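Pasting a predicted model and its sequence here:
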Amino acid sequence: MSDVERWDSSYRAETPPPWDIGRPQPRFAALAGTGAFRGRLLDCGCGTGEHALLAAAEGAHVVGIDLSPYAIETARRKAERRELRVHFEAADALELAAPDEPFDVVLDSGVFHSFDDTDRVRYVDSIRRQLRIGGTCYLMCFSDRQPGDWGPRRVRADEVQAAFSDGWDVSVEPAVFEINPFEGITEVQAWFATLRRTQ
């Protein structure tokens, strides 16, 4: 099964995947009204579009990309129902060409932790290509503070700092992902990083 098929199947399942909670994650929702969602904004791994739509409602010019065409179609239907303008496109975050005009903001809710060490480097390079110097990436990933071994790869705070050590101003703080109930669990530990491109 290809990566596209695997992600598509998770969205086509009878029950939504744990991360697709039908609303923005609280840590991203807290950015609303702060001026964080401004200018040209890319939601990288947008899923069914909740963060992209939140940013559009705040007045940003938003592009949302995801590997799953099914998730993208769902996001487009949400945008139409809510009368919000977002350009949603099925695309691979590792293969994004440099845009004609760089983005001011990039969002990543739960993408960074899905990559192995090699693709992590490629992903950081991809984000750099998308973001203007002085722009900001807001990134939330699964944390090593979460007990157990189920779910995605756990990430240490220093791994985030190391991945963005060259040409970025990095701030990492504890956060939580809300998830659809899974074995009685409704939230998991995360890191929330504010990453400003400096060069």
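In hand now; what should we look at? Numbering: from 1, shown residues only.

what residue lies at the spatial centre of the chain?
Centroid-nearest residue in the chain, with Cα atoms, centre = their mean: Asp108, separated by 2.2 Å.

Can you work out which other helices and strands pack against the lowest-mean-pLDDT helix or strand in the chain?
Taking mean pLDDT, DSSP states H and E as the measure, the chain has helix 3-12 as its least confident helix or strand, at a mean of 92. Applying 3 or more Cβ pairs under 8 Å, 6 or more residues apart in numbering; DSSP states H and E, we find helix 3-12 packed against helix 69-82. Glycine gets a C-beta too; all of them are placed from N, C-alpha and C.

Just list what the longest strand seen in the chain packs against, helices and strands only.
Counting by DSSP state E, the longest strand found in the chain is strand 168-182. Applying 3+ Cβ pairs under 8 Å, 6+ apart, we find strand 168-182 packed against helix 26-29, strand 131-142, helix 157-163, strand 185-197.

for those, which one sits closest to Ala52?
When the helices and strands packed on strand 168-182 are compared by Cβ to Cβ, helix 26-29 sits nearest Ala52, at 10.4 Å.

Now the closest one: buried residues?
Neighbour-count burial for helix 26-29, with 16 or more other Cβ atoms under 10 Å as criterion, is recorded at Arg27, Phe28.

got the CA coordinates for that helix in PDB?
Listed next in PDB are the C-alpha coordinates belonging to helix 26-29 (Å, rounded to 0.1, in the frame of the first residue of the first chain):
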ATOM      1  CA  PRO A  26      -6.800  24.100  21.200                       C
ATOM      2  CA  ARG A  27      -3.100  25.200  20.900                       C
ATOM      3  CA  PHE A  28      -3.800  26.400  17.300                       C
ATOM      4  CA  ALA A  29      -7.200  27.900  18.300                       C
END
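
Let me know the angle separating the next helix or strand after it from strand 131-142.
Next along the chain after helix 26-29, taking DSSP states H and E as the criterion, comes strand 40-44. With axes from the mean of the first three to the mean of the last three Cα atoms, to 10 degrees defining the directions, strand 40-44 sits at 30 degrees from strand 131-142.
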